[in-house]
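Peer 1: got a predicted structure here, sequence first:
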Amino acid sequence: MDVQWYPGHMTKARRMMEENIRLVDLVIELVDARIPLSSRNPDIDALCTGKGRVVLLCKADLADPAKTEEFTEYFRKKGILAVAVDARERRAGEVVRRYVQEAGREKIAKDRARGIVGRPLRAMVAGIPNVGKSTFINSFAGRASTKTGNKPGVTRGKQWIRLGGDVELLDTPGILWPKFDNQVIGMRLALVGAIRDEILDKQELAVWLINYLQAEYPGALQGRYLASEASEEDAGTAADPEDQDAMLPPGYALLLRIARARSLLMKGGEPDADRAAAMLIDDCKNGRIGRISLDRLQDAEQMEEERLASAAARKQEKEKEDEEARKKAARSAGSSRSAAGKSSAGGRRPAGKSGDSGRRPAGKSGDSRRGPAGKNGDSSRRPARKDNGAGRGKSGSSRRRGI
Ligand code: G4P
């Protein structure tokens, strides 16, 4: 199964996030407690450079509590403050506020040293789609003492939700895109509803889930889907599925058994694997199979390595694109110079001139890219415009206009 999902609007979302992140002291990174590793964006570290961080394991009410505890501990051991919540609960905001204060301690100390006292910590929420960002912001706002509007000198049109006088939350979340070079991560994301499953082979997804549950939560499927089999056998009405399915891979055979047990049959009475798969996936997304987690702690280190490798690969990719853009700019500047040289010197000095002139624009372009674009890392998305600096100025003002 080939899972690829990178909608174009995510580039815009990333830019917005980069813009907003400059306004805050720390980022509350929301992950899905059922897949606290797979639901992390590989670029989050780069995006949050220099900011405090709290990881919020949302939808903890749907996840395996023992595994959630292990993962929370895992993050803490890595020096990341982490807390599990049901984002729908009003007290989630209050719980998180304490962690935000802790994460912002350094910032408060720095402020104090500069004579700034009592400035609230500013935070923003970020995470992949459907992880619970809006729900959490609403819970936070429910507990909030005030909503503050535009802040002079900060930015126009931003709303801040103030909680307890010392924490302010930006009411616009940062949307991160799920990233999965690895198919299993794609499947896990689909099974918690973080990516659309129309792009996936549902049977394959369901069989993966069945195999995973059989290994990690033996009995979870039997209790929910196959309980009726025993009574049918007692009544002597059951076909012999074991014999029929003996040659099939065990996960698929179990899918067919579930279809039969739930009377999901096709016209000729054959089990309908598609409908059984859709049912299983839907039940998993909505927590009907029970409190389960789809990431495993034993995979954590390898997944973390892959996540960092993915972030590094993208960084390299961008650098390559930047380099190519610089070369292109140099070439076009070089050819216009040599054209000018030809007309003035009869074409005897194009090589030297072209070489020199080629280096100058490249240097210029390189300098400009070390500015904000280099910092925010999305320069690669921008074409090699000659008006690179001006282009950024424009896009800054477009952002201020809320585009
Ligand atoms: P987003 O802004 O990150 O995209 O996510 P959003 O808050 O919209 O939440 C997506 C769905 O997840 C919502 O369900 C919301 O109620 C649910 N949700 C959020 N946090 C939690 C949590 O901690 N526990 C549980 N159990 N559910 C949570 P929805 O509105 O019904 O949408 P959907 O079911 O159609 O996706």
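Peer 2: Sure thing, it's come through.

Peer 1: when you work out contacts or count neighbours from here on, use the C-alpha atoms and nothing else.
Peer 2: Noted.

Peer 1: can I assume residue 181 sits in a helix?
Peer 2: No - using DSSP: H, G, I helix; E, B strand; the rest coil, the assignment for residue 181 is coil, not a helix.

Peer 1: which element is the nearest residue to residue 82 once chain neighbours are set aside on?
Peer 2: Spatial nearest neighbour of residue 82, excluding adjacent residues (C-alpha to C-alpha, 6 or more residues apart in numbering): residue 55 at 4.6 Å. Following DSSP states H and E, one finds residue 55 within strand 52-58.

Peer 1: wait, does the helix or strand following that strand contact the ligand?
Peer 2: Later in the chain than strand 52-58, the nearest helix or strand by DSSP H and E is helix 65-77. No - counting by C-alpha under 6 Å from any ligand atom, the ligand is not contacted by helix 65-77; separation bottoms out at 12.8 Å.

Peer 1: sheet partners, orientation included, of the strand holding residue 55?
Peer 2: Strand 52-58 has the following strand partners under DSSP bridges: strand 26-32 (parallel), strand 81-84 (parallel).

Peer 1: so which of those is nearest residue 302?
Peer 2: Checking the strands paired with strand 52-58 against residue 302 by C-alpha to C-alpha gives strand 26-32 as the closest, at 18.2 Å.

Peer 1: could I get the average pLDDT for that closest one?
Peer 2: Taken as a whole, strand 26-32 carries a mean pLDDT of 95.

Peer 1: for the helix or strand following it, buried residues please.
Peer 2: On the C-terminal side of strand 26-32, the closest following helix or strand by DSSP H and E is helix 44-47. Neighbour-count burial for helix 44-47 flags residue 47 (criterion: 16 or more other C-alpha atoms under 10 Å).

Peer 1: what is helix 44-47 packed up against?
Peer 2: Under the contact definition 3 or more C-alpha pairs under 8 Å, 6 or more residues apart in numbering; DSSP states H and E, helix 44-47 sits against no other helix or strand.

Peer 1: how big is the angle separating the longest helix along the chain from helix 65-77?
Peer 2: The longest helix of the chain (DSSP state H) is helix 300-345. Here the directions of helix 300-345 and helix 65-77 differ by 50 degrees (axes from the mean of the first three to the mean of the last three C-alpha atoms, to 10 degrees).

Peer 1: right, is the strand holding residue 55 up against the ligand?
Peer 2: Yes - using C-alpha under 6 Å from any ligand atom, we find that strand 52-58 touches the ligand at residue 58.

Peer 1: got it, and stretch 177-191?
Peer 2: No - Stretch 177-191 lies apart from the ligand when judged by C-alpha under 6 Å from any ligand atom; the minimum separation is 11.0 Å.

Peer 1: rounded mean pLDDT for that stretch, please.
Peer 2: 86.

Peer 1: can I get that stretch as PDB, trimmed to CA atoms?
Peer 2: Output in PDB follows, covering the C-alpha atoms of stretch 177-191 (Å, rounded to 0.1, in the frame of the first residue of the first chain):
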ATOM      1  CA  TRP A 177       1.000  18.000   8.200                       C
ATOM      2  CA  PRO A 178       1.300  14.400   9.100                       C
ATOM      3  CA  LYS A 179       4.400  13.000   7.500                       C
ATOM      4  CA  PHE A 180       5.000   9.400   6.800                       C
ATOM      5  CA  ASP A 181       7.800   8.000   4.700                       C
ATOM      6  CA  ASN A 182       6.900   4.800   6.400                       C
ATOM      7  CA  GLN A 183       3.700   3.000   5.500                       C
ATOM      8  CA  VAL A 184       3.000   1.700   8.900                       C
ATOM      9  CA  ILE A 185       2.900   5.300  10.200                       C
ATOM     10  CA  GLY A 186       0.400   6.100   7.400                       C
ATOM     11  CA  MET A 187      -1.800   3.200   8.500                       C
ATOM     12  CA  ARG A 188      -1.700   4.300  12.100                       C
ATOM     13  CA  LEU A 189      -2.600   7.800  11.100                       C
ATOM     14  CA  ALA A 190      -5.500   6.500   9.100                       C
ATOM     15  CA  LEU A 191      -6.700   4.300  12.000                       C
END
